[in-house]
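Asks: turn this into a structure:
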Amino acid sequence: MATRFERTPQGERLIAVAMAAYSSPRPGPEFCDVVVPDVAPPVAIDPMVPDPMAPPIAHRWESRWAVGRRP
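Replies: Numbers count the residues shown, from 1 in each chain. Predicted structure coming up:
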């Protein structure tokens, strides 16, 4: 297995770090019996409203709960 790290500076400041791990091919599952659930289209589901106490990043995307009870 090999690992590689890359660093991206901008001037004197480090702005990104990337890591990749590689290995030899290994056998995996030969079948998949997972069935995608039948759900309503996104436009038919009301978006969830984030908790006002959630961190600011939680308000940057929209979630629509399609399977089971809402948390």
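
Asks: which residue lies nearest the spatial centre of the protein?
Replies: residue 61 (12.1 Å; Cα atoms, centre = their mean).

Asks: gap between that one and residue 33?
Replies: 31 Å (Cβ to Cβ, to the nearest Å). Just so you know, the C-beta spots here come from the backbone N, C-alpha and C atoms, and that holds for glycine as well.

Asks: again with residue 25
Replies: In terms of Cβ to Cβ, residue 25 sits 23 Å off from residue 33.

Asks: helix, strand, or coil at the residue nearest to the centre of the chain?
Replies: coil (DSSP: H, G, I helix; E, B strand; the rest coil).

Asks: tell me the phi and psi of it?
Replies: phi -140, psi 170 (degrees, to the nearest 10).

Asks: would you state the predicted confidence (pLDDT) at it?
Replies: Reading off the confidence values, residue 61 has pLDDT 91.

Asks: what of residue 3?
Replies: The model's pLDDT for residue 3 equals 78.

Asks: for the one 10 residues further on, same thing?
Replies: According to the model's per-residue confidence, residue 13 sits at a pLDDT of 94.

Asks: for residue 69, same thing?
Replies: Note for residue 69: predicted pLDDT of 86.

Asks: secondary structure element holding it?
Replies: According to DSSP states H and E, residue 69 maps onto no helix or strand at all.

Asks: that one: how many residues sit nearby?
Replies: 5 (other Cβ atoms under 10 Å).

Asks: for residue 45, same thing?
Replies: 13.

Asks: residue contacts, it?
Replies: Residue 45 makes contacts with 39, 64, 65, 66, as judged by Cβ atoms under 8 Å, 6 or more residues apart in numbering.

Asks: relative to residue 63, how far out is residue 71?
Replies: 10 Å.

Asks: repeat for residue 31
Replies: 31 Å.

Asks: ok, the nearest residue to residue 70 once chain neighbours are set aside - contacts?
Replies: Among residues not flanking residue 70 along the chain, residue 48 sits closest, at 6.7 Å (Cβ to Cβ, 6 or more residues apart in numbering). Shown in contact with residue 48 (Cβ under 8 Å, 6+ apart): 62, 63, 64, 65, 70.

Asks: many thanks, have a good one.
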